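>>> Predicted model and sequence below, questions to follow.
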Amino acid sequence: QVQLVESGGGLVQPGDSLRLSCTASGRTVSSITMAWFRQPSGKEREFVAGISRNAGVTRYADSVKGRFRIARDNAKSTVYLQMDSLKPEDTAVYYCAAGSYAIATNRPGYDYWGQGTQVTVSS
């Protein structure tokens, strides 16, 4: 079992930056692939970014490439999502996910999920 707890969400203005954190417990973090998904109100949950066990591979959704960056600190059992140049369309609940296999861009690729943190981008 893996428990995931997200933090760092909030209300920001367009163009601002925000950093989300996800702390994992219950299993050696270095053995699991981590990812961020988001779910805008009334829409499907979508892949945002993923990072491999040793951080050697990262993958991003086209909508966030060049603006978001995923990183992990296995010593702290934490994965981060640095979000820059935020846009109103980035508004969503952001979820941390963990899985045992390679980075996947769909929900079935992950076995564990956090409760989510709200990010609102509005002027």
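Thanks, I have the structure now. Residues are numbered from 1 along each chain as shown.

>>> where does the residue nearest to the spatial centre of the chain land on pLDDT?
In the chain, the residue lying closest to the centroid (CA atoms, centre = their mean) is Trp36, at 2.3 Å. As predicted, Trp36 sits at a pLDDT of 98.

>>> so which strand or helix has it?
In this assignment (DSSP states H and E), Trp36 forms part of strand 33-39.

>>> And for that strand, what's in contact with it?
Taking contacts as CB atoms under 8 Å, 6 or more residues apart in numbering, the residues outside strand 33-39 that touch it are 20, 22, 24, 45-53, 70, 72, 79, 81, 90, 92-104, 107, 109-110, 116, 119. Where C-beta positions appear, they are placed from N, C-alpha and C, glycine not excepted.

>>> Could you spell out the sheet neighbours of it, each with its direction?
For strand 33-39, sheet partners with direction are given as strand 46-51 (antiparallel), strand 92-99 (antiparallel), following DSSP bridges.

>>> tell me which residues of that strand are tucked away?
Judged by neighbour count using 16 or more other CB atoms under 10 Å, the buried positions of strand 33-39 are 33-38.

>>> Same check on stretch 24-34?
By neighbour count on 16+ other CB under 10 Å, the buried set for stretch 24-34 is 24, 29, 32-34.

>>> Pull the distance from it to the chain's centre.
Stretch 24-34 sits 14 Å away from the centroid of its parent chain (CA atoms, centre = their mean, to the nearest Å).
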